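Engineer: sequence first, then the predicted structure:
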Amino acid sequence: MANVTKLKLTNFKRFRTLLIDFNPNINTIIGDNEAGKSTILQAIELVASGNRSKLENVGFETLFNKECVDEFLHGTQQFEDLPKIHVEIYLSDETNPDLFGNHNTDKVDASGLHMVCEPNQELAKEINTVLAVGSQNFPFEFYEVKFITFSGEAFSGYRRLFKCLTIDSSQINSEHANREYIKSVYESTVDSPNRALLKNDYRQQKLSFKNNSLQIVNDTLGDYDFSLRTGSKYNLETDITLTQDNIPIDERGKGQQCFIKTEFALSRNSEKRVIDTLLLEEPENHLSHTNMKRLILKISESHQNQIIIATHNSLISSRLDLRNSILINSSSLEPLTLNTLPASTAKFFVKAPDNNILEFALSQKVILVEGDAEYILFDAFYQLATGKRPEADGVHLISVGGTSFKRYLDLARILSIRTAVVRDNDGDFQSKCVDNYSEYTDQAIAIFAEKDVTKSTFEICLYQANSAICDALFSGGNITKTPLQFMLDNKTESALRLLESHAAELIIPSYIAEAVAWINE
Amino acid sequence: MDKRVVFAVAGAGKTSLIINSVTEDSRCLIITYTDNNTDQLVRRIIKKLGCIPKGVRVYSYFSFLYAFCYRPILGYDLKTKGINFDYPLPKYAQFSKMNKREHYIDKNGRVFSNRISKLLIKSKAINKVLERIEKFFDSVYIDEIQDLSGNDFNFACELAKLNVNVCLVGDFYQHTFKTSIDLNVQKSLHDSFEAYSRQLIKAGYTIDLVTLSNSYRCPPAVCSFVEDNLGINIGSNKSSEVEVRLIDRPDEIDAIYADNSIVKLFYQKSNKYTGNTDNWGNTKGIDHHIDVCAVLNPTTYKAFKQGRLASLAATTRNKLYVACTRANGNLYFVDEKFLSQYKK
C-alpha cells in the first residue's frame, strides 16, 4: 500500500520551499488561519490527480509564490531565470519501476510524483518579447504544467497512480465536490472491470425501458421516438449517488454530511484499501462537539491507511496523539513536528480534559499558572505591571491543573516557546520548584515561585501582599472564618471578588511580578 | 546467478521457454526486439495467467532502453524528448567526440536510438541501470538477442554483471535487422558464429546450444534441407512426411500460385505480386503458415541450382533461412522469372 512519505513544495503559494515528512498513518497538520494548511492538502491532491484542467481552472497566477514573482520582476527578467513551481510527493511503494527514478528536484532515487509549472520552451521567443517590454508583466499565460513520475514518465488523471480522496468540509454543499466525492468512493469500491460491466448493464436497462415502457407512447408517434439519453454525460457514473437510509447524503445537514462522508470514506479505507491517502480539510466545521468526538474515534480506529488532516482544533490534534502533529505557523515557514515528544506526555494530552493545546502550540510566549484563582487575577496583575493586556505582547495564559506543568514544558521545549511556570512552593521550595524541574534547563523556560516556604500557596502570598484589602473584603456578614482561611477555602470566589472591586489597587506578589518581567525580556 | 545465452533454431519455442518461467509472483523483466514480439508475449502471458502479474514487465527493446534505463537515470538532467530512429546518423553526430552532447542527442533534443546504450555505458550510468534492474527484478530475459548489434550488443554484455539471472535467447542466423548498427562499432559481429559466441563467453555468459536445438515447427525434411544446403544446424521434433522440392512445370507453378493457402515468399518487393505474398525477412516470428513457397530471385536461383546456397551473402542466406523455416508442412521453391504474369 502506497502512502506519502514526503512533500516538497517550491514556489507554491505561500511557500518558497517547504519540506514535510509524513508518517504512514495519521498526520494532523495544525496551524493558524492563513498558515498554509489547506495549501498542503491542495498540493497533494493536485499532483496526485494529474489533472491539467483542475490546475488551469485555479490559474498559475494564484499558485505562484508572490515573492518569487516579485523577485523575478525586480531582478534580471531573463528567460532562464523565470521561476518554476514544483510539487513533489515521495511515495513509500518502491515496487513500481514506472514511479522510480531521480526526476525530482533533489535528484535522489525514489518513488514519487512530480508536478512542474514552467515556461513553455517552444514559446521562448514570445516570452522574450513580453519580457523585453520591461514593464512589471509576468508571463503567466506562457507557462505550462507537466505531470511526471520520478521515472520521468508523463501521467494524467486517467492513470491514477496514487489515489487520494479529499473531504473538504468548507465545500461540503458544493455540487461539484459532492460529485467528486461520490465518484471517488464509487471508484474505490468497484474495480474498473466491474465498473465497465455495470455501466454497460445500465445502458442496456435504459434501452429496455425505451423498448418496453416507452413503446406505448412511441407507437403513437410514427417516425418519431422518445428515447433516453446515453453517452458521457448521461451514464451510470453521472447518475449515481450515495444514500443512507434512503436519503441522499447531499440532502443531509452540513454537519451530518461531513460526518457521513468521512466515516464512509474511512470504512472504504480499511476494508478495500483502495484509497491510498485520505485528506481531511478542517473536519471540525459544522460538527457538534459530540459528533466531533465520534469522528475522532472513527479516525483513530482506522489504522489501515494514511490520513492527513488539516485542522485548527485542539481536540482533534491532541486526541489523535500529538506526536502525529505537524505544526505550520503563519510567522515561520518551517513545519515543526512533535514526534520527539515523550510518549507519556503524548498520552497525557490524549486523555487530558479538553485543552488549549493548539493555542499553546501557536503562541510565542506562554505563562502557565496553577489554578483558576491565579488565572482569574493574572490579567489584572499583568496590566498593573506593564500597562498592557497580555494579548498585546503576544503572551498567552494557560491554567494547568496541578502537576501537569512538565507536560507543557515538553511541548514548549520542542516548539521553542518561551514559557514561564507560575506555581506554589507547597511548603518546600527547593524540592518542589527547583529540583523538580532540574531537567528543564532550556533558556526559554523558567520557574517562578515564592521562596519563603511559609507562604506555601498563592492565596497566602496574595493575602500577605494585600492584607488590608482582603481583611476588609472577606470579613463580616456570613463569614465566620478568618479572611485568609476564607480565601483558602473559596479560592475562585475570592479571586473573582477581588477582581471586581479592587483590580486596580492590588499589590502583585513578587514572584508573579518577576514572571511578567521575564516573559517580556 | 545463471547467465546464459540459449541459441535456438527456428520454431524451437523461444517464446514458450520464456512464458514457462513466468508465474503469478515472478519479478521478471522480459525484453523483445520488436513491438510485434512484445504484443505476442503479453498475449501469451495473459493466456497463461489471466493477467500480467504485478512484478512482470514486458518491454520492446527501445522502450526498455529509453523509459526504463535512460530516462529515470539521465533524463532529468539531459532533458530529452524521445528517440531519433533516423539511420544513418547525421554527419555532425558521426564526426563528433563521444563526450559531447551532439554525439548522442540531436538538435531537437531526441536521443539517437543506436547510441542510447553507448551513452549509458560511457556516462557510467550503466551501474545505475544494473542497480535499477536488480531493485525490481529477479530474472531478465532478452528475446531476439541476435538483433542487438553495435553498442546494443556491448550493452547486453554489460548485463552479465547483474546479480540476478539473465537469459538471452536468439537465433544467430535470424539476424536481419540492422537498426542498431553504429559506424564501425562491432562491425564484424555477425560474420562468424564462433567469434560471436566467444564475445559472449568473455562477457560472462554460458552458451547453451542444446535446450532449443530442435524445431517444433519444421518437419525433418525441411530441417535436413536447411542443414544440407544453408549450412545451419537445425533438428526437428516432428515426424511428419513432407515434400521439399523445386517446382518447374508451368501447370504445377500455376496450381501452387492459385492456391492462396500457400504463402509466396519473395526476396523483396512482394507487394508487386498478387495473392498471398510476403518478403522473406518480414516473416520472422510468424508461425501460422502450413505450406510455404519460397520464390528465388536470379542470384539465389543460380546458387540453388549449383548447390552453394550456404555461400550466399550472410544477410541473404539468413533471410532465406527465415523463409524456409516458416514451413509447418511442404516447402516449395520457384524461380522468380516464371511469375512475371502475376505482377500487379
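Structural biologist: Arrived safely, thanks for sending. Numbering: from 1, shown residues only, chains lettered A, B, ... in the order given.

Engineer: let me know the helix or strand that the residue in chain B sticking out farthest from the centre is in.
Structural biologist: In chain B, counting by CA atoms, centre = their mean, residue B:251 sits farthest out from the average C-alpha position, at 36.9 Å. Per DSSP states H and E: residue B:251 is located in helix B:250-258.

Engineer: next helix or strand past that helix?
Structural biologist: Next along the chain after helix B:250-258, taking DSSP H and E as the criterion, comes strand B:263-266.

Engineer: ok, the following helix or strand past that following strand: who's next to it in the sheet?
Structural biologist: As assigned by DSSP H and E, the chain's next helix or strand after strand B:263-266 is strand B:277-279. Sheet pairing of strand B:277-279 (DSSP bridges) gives strand B:263-266 (parallel).

Engineer: how about the strand it pairs with as PDB, C-alpha atoms only?
Structural biologist: Listed in PDB are the C-alpha atoms of strand B:263-266, where the atom choice follows Å, rounded to 0.1, in the frame of the first residue of the first chain:
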ATOM      1  CA  VAL B 263       2.200 -18.300 -48.900                       C
ATOM      2  CA  LYS B 264       4.600 -17.000 -51.600                       C
ATOM      3  CA  LEU B 265       7.700 -15.500 -50.000                       C
ATOM      4  CA  PHE B 266       9.900 -13.200 -52.100                       C
END
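
Engineer: which residues does it contact?
Structural biologist: The contact list for strand B:263-266, computed with CB atoms under 8 Å, 6 or more residues apart in numbering or on different chains, reads B:257, B:270, B:273, B:275-280, B:283, B:289, B:291-295, B:297, B:323, B:326, B:334, B:336, B:339. For the C-beta atoms, the positions are set from N, CA and C on the backbone; glycine is no exception.

Engineer: where does pLDDT dip in chain B?
Structural biologist: Residue ranges of chain B with pLDDT under 70: B:177-180.

Engineer: leaving out sequence neighbours, find the closest residue to residue 109.
Structural biologist: The chain I'm using is chain A. residue A:102 (5.4 Å; CB to CB, 6 or more residues apart in numbering or on different chains).

Engineer: hmm, no, I was thinking of chain B.
Structural biologist: Nearest to residue B:109 is residue B:81, by CB to CB, 6+ apart, at 4.6 Å.

Engineer: then residue A:94?
Structural biologist: Using CB to CB, 6+ apart, the closest residue to residue A:94 is residue A:111 (4.8 Å).

Engineer: so the one you found touches residue A:162, yeah?
Structural biologist: No: in this structure, residue A:111 is not within contact of residue A:162 by CB atoms under 8 Å, at 9.6 Å.

Engineer: how many other residues sit next to the residue nearest to residue A:94?
Structural biologist: Neighbours of residue A:111 under the rule other CB atoms under 10 Å in any protein chain shown: 24.

Engineer: next one: residue A:76
Structural biologist: 11.

Engineer: and if you look at the one 10 residues further on?
Structural biologist: If you count neighbours by other CB under 10 Å, residue A:86 ends up with 18.

Engineer: ok, what's across the strand from it?
Structural biologist: Note on residue A:86: beta-bridge partners by DSSP bridges are residue A:10, residue A:116.

Engineer: just to revisit the earlier point, output the contacting helices and strands for the helix holding residue B:251.
Structural biologist: strand B:331-335 (3 or more CB pairs under 8 Å, 6 or more residues apart in numbering or on different chains; DSSP states H and E).

Engineer: and the strand it packs on, what does it pack against?
Structural biologist: Strand B:331-335 sits against helix B:220-225, strand B:244-246, helix B:250-258, strand B:292-296, with contacts defined as 3+ CB pairs under 8 Å, 6+ apart.

Engineer: and the first one, what's buried?
Structural biologist: Meaning helix B:220-225. B:220-223, B:225 (16 or more other CB atoms under 10 Å in any protein chain shown).

Engineer: tell me how far the residue of the stretch 1-150 of chain B found nearest chain A lies from residue A:386.
Structural biologist: Per CB to the nearest CB, the residue of the stretch 1-150 of chain B with the smallest distance to chain A is residue B:72, at 2.7 Å. Distance, residue B:72 to residue A:386, using CB to CB, to the nearest Å: 61 Å.

Engineer: who has more neighbours out of the two?
Structural biologist: Set residue B:72 next to residue A:386 and count neighbours by other CB under 10 Å: residue B:72 wins out with 26 against 16.

Engineer: quick one, phi/psi of the more buried one?
Structural biologist: Residue B:72 has phi and psi values of phi -60, psi -20 when expressed as degrees, to the nearest 10.

Engineer: surely residue A:466 is in contact with residue A:506?
Structural biologist: Yes: using CB under 8 Å, residue A:466 is in contact with residue A:506, at 5.7 Å.

Engineer: so what sits against both of those two?
Structural biologist: Common neighbours of residue A:466 and residue A:506 (CB under 8 Å, 6+ apart) are residue A:498.

Engineer: what's near enough to touch residue A:435?
Structural biologist: Listed by CB under 8 Å, 6+ apart, the contact set of residue A:435 is empty.

Engineer: and chain A, split by domain according to the record?
Structural biologist: As recorded under automatic domain parsing, the domains making up chain A are A:4-22+A:38-160, A:166-312, A:363-519.

Engineer: so for residue B:120, which of these sits nearest?
Structural biologist: Nearest to residue B:120, of all the domains of chain A, is domain A:4-22+A:38-160, at 13.9 Å by CB to CB.

Engineer: neighbours of residue A:57, how many?
Structural biologist: Counted with other CB under 10 Å, the neighbours of residue A:57 add up to 8.

Engineer: would you say it is within a strand?
Structural biologist: No: read with DSSP: H, G, I helix; E, B strand; the rest coil, residue A:57 is helix and lies in no strand.

Engineer: from residue A:114, how far out is it?
Structural biologist: To residue A:114, residue A:57 is 21 Å away according to CB to CB.

Engineer: over to residue B:6?
Structural biologist: Distance from residue B:6 to residue A:114, by CB to CB: 40 Å.

Engineer: how about the residues of chain A near chain B?
Structural biologist: Within chain A, the positions near chain B by CB under 8 Å from any CB of the partner chain are A:94-95, A:97, A:100-104, A:107, A:150-153.

Engineer: all helices of the stretch 51-200 of chain B, in order?
Structural biologist: Along the stretch 51-200 of chain B, the segments classed as helices by DSSP state H, counting those that start in this stretch run B:61-63, B:76-78, B:91-94, B:116-122, B:126-136, B:150-158, B:193-203.
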